[in-house]
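Q: Using only what follows, build the 3D model:
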Amino acid sequence: MRNLAVYQKEAFYDVLSLSRTPAFYLPALLFPLVFYVFFGVLLNYSGNSSSYMLVSYLCFGVMGPALFNFASAVASDRVQGWLTLKQLSPMPLSAYVLAKYFSSLVFSLIIALTLFVVAAVFADVQLEVWQWASLLAIALLGTFPFALIGLLLGLCFSDKAAPAVVNLVYLPMAFLSGLWVPVMYLPSGIQFLAPALPAYHFSQLSYAVIGAQQSASLWGHVLYLVAFSALLFAAIAWRYNRLYK
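A: Presented below is the predicted three-dimensional model:
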């Protein structure tokens, strides 16, 4: 019970810290919402693509908190010595990592629910209950590999460089994976590259919920994300051992 209390307190204070950081939560919450309102509501004259764009900006939106929270916070804590201090304290290091992931999920949940409300009320998106629930579950579970990417970047770059590097990873990956423009409309070279990116497989699982996926191999997308996460685990363990062992 005492260990559980440690995990709960670490998670609570991490969420509290992020809620007091407008530079983090305002872009994370507003970017996907503004993009969806502009392209999925205001410029969607036919109304046929609102659900597709909902899935696109849902995937784009939930990736951000996982990437930026881990990369920026871990890099800052590592450079300033807080990560070393936490290692020397009685608190398990896993509580620190899980707290970061929990706070990312909290903001991802807020982004998802906000987009759902806007889509249903203003874009007249009509989905079955199981589809709303499936989209939410995939969105939250799908943040895991992106949290690992953020953690690896936080262990590799300084607190000043990490946010810039995340943007260099996040924005091009979103575009190349078809989250802004469907992959089928992109040049053939990008179509060939897209399946190598985790955001592509993450989005294809979400598109499958509304019947808009471009591949019938759903288990192939799952296996890719599992294998990709395993490789990131190995890279994170190697980098962590280089820094602290």
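Q: Okay, now the unreliable bits of this structure?
A: For the chain, residues meeting the criterion pLDDT under 70 lie at 1-2, 45-48, 216.
Q: now the strands for this structure?
A: Along the chain, counting by DSSP state E, no stretch forms strands.
Q: Could you pull up the contacting residues of Lys100?
A: By Cβ atoms under 8 Å, 6 or more residues apart in numbering, the residues touching Lys100 are 14, 69-70, 73-74, 147, 151. C-beta here means a position set from N, CA and C on the backbone, and glycine is covered the same way.
Q: Would you mind measuring from the most centrally placed residue in the chain to Val183?
A: The centroid of the chain falls nearest to Met63 when counting by Cα atoms, centre = their mean (1.9 Å). Distance of Met63 to Val183, given as Cβ to Cβ, to the nearest Å: 17 Å.
Q: next one: Leu197
A: 10 Å.
Q: which residues do those two both contact?
A: Counting by Cβ under 8 Å, 6+ apart, the contacts common to Leu197 and Val183 are Ser177.
Q: about what we covered before: does the residue nearest to the centre of the chain touch Phe146 like I think?
A: Yes. Applying Cβ atoms under 8 Å as the test, Met63 and Phe146 come out as touching, 4.8 Å apart.
Q: shared neighbours of the two, anything?
A: Residues touching both Met63 and Phe146 (Cβ under 8 Å, 6+ apart) are 199, 202.
Q: now the helices for this protein?
A: Along the chain, counting by DSSP state H, helices occupy 2-19, 22-35, 50-80, 82-88, 93-122, 129-141, 144-156, 162-176, 188-193, 198-209, 218-244.
Q: wait, which of the ones you listed is closest to Leu42?
A: With respect to Leu42, and counting by Cβ to Cβ, the nearest of these is helix 93-122 at 9.1 Å.
Q: any idea of the angle the closest one forms with helix 144-156?
A: With axes from the mean of the first three to the mean of the last three Cα atoms, to 10 degrees applied, the angle from helix 93-122 to helix 144-156 works out at 130 degrees.
Q: Would you mark the buried spots in helix 93-122?
A: 95-97, 99-108, 110-112, 114-116, 118-119 (16 or more other Cβ atoms under 10 Å).
Q: quick check: angle from that helix to helix 2-19?
A: Calculated by the same axes, to 10 degrees, helix 93-122 forms an angle of 50 degrees with helix 2-19.
Q: and the direction of helix 93-122 versus that of helix 50-80, what angle?
A: Angle, helix 93-122 to helix 50-80, by the same axes, to 10 degrees: 150 degrees.
Q: Can you give the distance of helix 93-122 from its chain's centre?
A: Relative to the mean C-alpha coordinate of its chain, helix 93-122 is positioned 9 Å out (Cα atoms, centre = their mean, to the nearest Å).
Q: swap in stretch 151-171?
A: Remark: stretch 151-171 is offset 14 Å from the chain centroid, using Cα atoms, centre = their mean.
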